[in-house]
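Undergrad: Just need the structure, nothing else, for what follows:
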Amino acid sequence: MTHRDRLLAVLVAVCWGLNFPAIHLSLGQFPPFFLVALRFALIAVPTLLLVPRPAVPVRWLLGYGAGFGIVQFVFLYWAMSAGMPTGLASLVLQSSAPFTVVLAAALLRERLTLRQGAGVLVAVAGLAGIAVHRAGLDGGATLVPVLLTLCGGLGWAFGNLANRLAVRSAPGESFRLILWMSVVPVLPMLALSLVIEGPDRIAASFTHLGSSTGLLALAGLAFTVLVATLLGTGLWTALMSRNPSSTVAPFSMLVPVVGIASSWLLLRERTSGVELAWGALVVAGVLLGSLRRQSRATTRAVAIAATPSPRPVSPSPSVVVADTATGAPAADERAASASARR
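TA: Modelled structure (predicted):
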């Protein structure tokens, strides 16, 4: 991996980490479910007009869009609007990694190695520590956003499995798959928003867009769509296409670091030392499960991130690194892509 590629990998992690404060700013103006619909609509409309549909079975495209685009972001945006700290959200969403490993073993009959199993247990211990700590705050009210974020990570994991099966059927169409995945959530999320949030609340979100809150919300939305999703995804795909995935994927571990640091610097949001300690255990577990020694066979990595932005997974046994979203990377040796973080 060249020095230039290392710098680009760090740049991608920065883009995905900054996506969480960007989502926070957007939620200051728009209701969460409508914001998800709006986010994907901005990608879906030009995709429908300009990008040919990838040659993948429709069921895997729909599964990818439902898991990654709908379930992940419904719960992530809901959690953040309900008080989930922005930096902590970027960390807890790493749960998509152990979820993906376990689901791949259970549903796709992929072999779970001892190293992966140990990584899952370490990551789960860290997540449990965060949950127990939050359960003791404010009468347990702060635990609910954590549980919602974990549900988002689970949705991301299901999206990963559908993504893997889609990439297996069309290995050269990773980036187009990401663009067309964005088409799937738009109408379901708009319908959900109309039912739960209501037309009046949606209409009200378009008032006062010229205020400081409105302008920051629009800037956050633009960052999520243009920088975190399109730029981050494009760069990650290029890096995965010319470097071993096991070399590139660990850079996704910088995402929660950037997410927590940027939330502190930009939003004055502090994460307690206890949560940072448990979070370090989560990252260590994900890293333990995602790295393995090189063998004669080509090492492959499954990673998705986050941000919330989509990243496809390879058809080989899971080696998972979580991202976000926009959010966690997924890749095969020739082509891979990022993800919505969060």
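Undergrad: and residue 177, what does it touch?
TA: 54, 56, 61, 64, 163, 166-167, 170, 312, 337 (Cβ atoms under 8 Å, 6 or more residues apart in numbering). The C-beta positions use only the backbone N, C-alpha and C, and glycine is treated the same way.
Undergrad: Using JSON lines, lay out those residues together with distance to residue 98 and secondary structure.
TA: Shown next, in JSON lines, are the contacts of residue 177 (distance: Cβ to Cβ, whole Å; DSSP: H, G, I helix; E, B strand; the rest coil):
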{"residue": "54", "distance to residue 98": "28", "secondary structure": "coil"}
{"residue": "56", "distance to residue 98": "26", "secondary structure": "coil"}
{"residue": "61", "distance to residue 98": "25", "secondary structure": "helix"}
{"residue": "64", "distance to residue 98": "20", "secondary structure": "helix"}
{"residue": "163", "distance to residue 98": "17", "secondary structure": "helix"}
{"residue": "166", "distance to residue 98": "22", "secondary structure": "helix"}
{"residue": "167", "distance to residue 98": "21", "secondary structure": "helix"}
{"residue": "170", "distance to residue 98": "28", "secondary structure": "coil"}
{"residue": "312", "distance to residue 98": "19", "secondary structure": "coil"}
{"residue": "337", "distance to residue 98": "21", "secondary structure": "strand"}
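Undergrad: nearest spatial neighbour of residue 51, skipping sequence neighbours?
TA: residue 179 (5.3 Å; Cβ to Cβ, 6 or more residues apart in numbering).
Undergrad: Please apply the same query to residue 269.
TA: Nearest one to residue 269, counting by Cβ to Cβ, 6+ apart, is residue 263 at 4.3 Å.
Undergrad: just the strands in the stretch 201-342 of the chain please.
TA: Secondary structure of the stretch 201-342 of the chain, counting by DSSP state E, counting those that start in this stretch: strands at 302-304, 320-322, 330-331, 336-337.
Undergrad: Helices of the stretch 1-150 of the chain, start to end?
TA: For the stretch 1-150 of the chain, applying DSSP state H, counting those that start in this stretch gives helices covering 3-27, 32-50, 58-64, 72-81, 86-92, 96-107, 114-135, 143-169.
Undergrad: For stretch 219-232, buried residues please.
TA: By neighbour count on 16 or more other Cβ atoms under 10 Å, the buried set for stretch 219-232 is 220-221, 223-225, 227-232.
Undergrad: So which residues of the stretch 201-342 of the chain form helices?
TA: 212-222, 232-242, 245-248, 254-267, 273-290.
Undergrad: Now do the same contact list for the closest residue to residue 99 other than its chain neighbours.
TA: Spatially, and ignoring its direct neighbours in sequence, residue 99 is nearest to residue 157 (3.5 Å; Cβ to Cβ, 6+ apart). Shown in contact with residue 157 (Cβ under 8 Å, 6+ apart): 67, 96, 99-100, 103, 304.
Undergrad: how about 7 Å then?
TA: 96, 99-100, 103 (Cβ atoms under 7 Å, 6 or more residues apart in numbering).
Undergrad: confidence score at it?
TA: Note for residue 157: predicted pLDDT of 88.
Undergrad: From residue 95, how far out is it?
TA: In this structure, residue 157 and residue 95 are 8 Å apart, going by Cβ to Cβ, to the nearest Å.
Undergrad: Equivalent analysis for residue 104, please.
TA: From residue 104 to residue 95 the distance is 15 Å (Cβ to Cβ).
Undergrad: more crowded one of those two?
TA: residue 95 (27 against 23; other Cβ atoms under 10 Å).
Undergrad: Find the residue closest to that one in space, skipping its chain neighbours.
TA: Closest residue in space to residue 95, ignoring its immediate chain neighbours: residue 153 at 3.5 Å, by Cβ to Cβ, 6+ apart.
Undergrad: quick one: the one you found and residue 97 touch, right?
TA: No - using Cβ atoms under 7 Å, residue 153 is not in contact with residue 97, being 8.2 Å away.
Undergrad: Neighbour count: these two, which is higher?
TA: A count of neighbours by other Cβ under 10 Å puts residue 97 above the other of residue 153 and residue 97, at 37 against 28.
Undergrad: Was I right to think that one contacts residue 287?
TA: No - counting by Cβ under 7 Å, no contact exists between residue 97 and residue 287, whose distance comes to 9.3 Å.
Undergrad: Distance-wise, check the residue lying closest to residue 100 once chain neighbours are set aside relative to residue 56.
TA: Nearest non-adjacent residue to residue 100, counting by Cβ to Cβ, 6+ apart: residue 157, 4.2 Å away. If you measure residue 157 against residue 56 using Cβ to Cβ, the figure is 19 Å.
Undergrad: Any stretches of this protein with poor pLDDT?
TA: Under the criterion pLDDT under 70, the flagged ranges of the chain are 138-141, 240-241, 244-250, 290-342.
Undergrad: picking up where we left off before, turn the buried residues of stretch 219-232 into TSV, including distance to residue 88.
TA: Formatted as TSV, the buried residues of stretch 219-232 follow (distance: Cβ to Cβ, whole Å):
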residue	distance to residue 88
220	18
221	22
223	20
224	19
225	24
227	22
228	18
229	22
230	26
231	25
232	21
